[in-house]
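K.L.:
Give me a 3D structure for the following:
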Amino acid sequence: MITSNVKAIMKGKGVTLRGLVDLSGVSKQTILTARSDEGLADCRLSTLGRIANALEVPLKDLFDGEYEVVKKSKPQSV
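P.N.:
Here you go, the predicted model:
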């Protein structure tokens, strides 16, 4: 079974459902489908690519395995 990380990524990045709709151009219903383990497999690869691009993560991060938010640190001045 494929496990969806979409919801965890959205939460970790502070992206709302409405925000992801606006960023990706994907419908609310499709994003809700992608957020569920059962529905992720029903999504087209091109749709998942649009979601991944909007979330600024590699496509493979949307499914399987644990997702961990890695915060980018700002370079320190010397």
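K.L.:
Can you verify my assumption that Asn53 contacts Ser24?
P.N.:
Yes - the pair formed by Asn53 and Ser24 meets the contact definition of C-beta atoms under 8 Å, at 7.2 Å. Every residue, glycine included, has its C-beta placed from N, CA and C.
K.L.:
got the contact list for the longest helix along the chain?
P.N.:
Of all the segments of type helix in the chain, defined by DSSP state H, the longest one is helix 45-55. Where contact means C-beta atoms under 8 Å, 6 or more residues apart in numbering, the residues beyond helix 45-55 that reach it are 6, 9-10, 13, 15, 20, 23-26, 30-31, 34, 40, 58-59, 61-62.
K.L.:
Okay, buried residues for that helix please.
P.N.:
For helix 45-55, burial by neighbour count (16 or more other C-beta atoms under 10 Å) applies to Thr47, Leu48, Arg50, Ile51, Ala52, Ala54, Leu55.
K.L.:
try stretch 8-16
P.N.:
Ala8, Ile9, Met10, Gly12, Val15.
K.L.:
which ones among those residues are found in helices?
P.N.:
The subset of the buried residues of stretch 8-16 that ends up in helices is Ala8, Ile9, Met10, Gly12, with DSSP H as the criterion.
K.L.:
returning to what we had before: for the record, mean pLDDT for the longest helix of the chain?
P.N.:
Averaged across helix 45-55, pLDDT comes to 96.
K.L.:
what does stretch 22-32 give?
P.N.:
Per-residue pLDDT values across stretch 22-32 average out to 97.
K.L.:
How far does that stretch sit from its chain's centre?
P.N.:
The chain centroid and the centroid of stretch 22-32 are separated by 11 Å, computed with C-alpha atoms, centre = their mean, to the nearest Å.
K.L.:
what residues does that stretch touch?
P.N.:
Counting contacts by C-beta under 8 Å, 6+ apart, the residues outside stretch 22-32 that touch it are 6, 15, 17-18, 20-21, 34, 39, 43, 47, 50-51, 53-55.
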